[in-house]
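Peer 1: The sequence isn't on hand, but the structure is:
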């Protein structure tokens, strides 16, 4: 079985999408397993100032993982669509007999 150019592109897209999704889940897992540093201070303004940096970093990482997962899923979907389209066999068109479809045509034939 010879692989055509479209099928090769489809399998490439599918592979890239799968790799992106696997990397996204791995990075999300390592982000969850990472040890959290809890800020303990009596001054509220110092605690807030020290906690804003890690919060901003976590938000940036979550947005990055979201975009990476979204890109991976779209790439995977497009690869699957291309594989389905490449493997679809064109259906031969059946010849249709022309039959009268309206009553007017039937009346003219009888007369």
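Peer 2: Everything's here; your move. Since we're looking at a predicted model, the values are computed, not measured.
Peer 1: okay, CA-based contacts and neighbour counts for the rest of this
Peer 2: OK.
Peer 1: Give the other helices and strands that the longest helix along the chain contacts.
Peer 2: Longest helix of the chain, by residue count under DSSP state H: helix 44-87. Applying 3 or more CA pairs under 8 Å, 6 or more residues apart in numbering; DSSP states H and E, one finds that helix 44-87 contacts helix 5-33.
Peer 1: List the buried residues in the helix it packs on.
Peer 2: For helix 5-33, a neighbour-count test (16 or more other CA atoms under 10 Å) marks 7, 10-11, 13-18, 20-21, 23-24, 28 as buried.
Peer 1: Quick one: mean pLDDT over stretch 30-40.
Peer 2: Averaging pLDDT along stretch 30-40 yields 76.
Peer 1: go on, stretch 5-18?
Peer 2: Mean pLDDT, stretch 5-18: 91.
Peer 1: contacts for that stretch?
Peer 2: Defining contact as CA atoms under 8 Å, 6 or more residues apart in numbering, one finds that stretch 5-18 is touched by 71-83, 86.
Peer 1: cutoff 7 Å now
Peer 2: The contact list for stretch 5-18 (CA atoms under 7 Å, 6 or more residues apart in numbering) reads 72-73, 75-76, 79-80, 82-83, 86.
Peer 1: Could you export those as CSV, including distance to residue 52?
Peer 2: CSV is the format used below for these (distance: CA to CA, whole Å):
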residue, distance to residue 52
72, 30
73, 31
75, 35
76, 36
79, 41
80, 42
82, 45
83, 47
86, 51
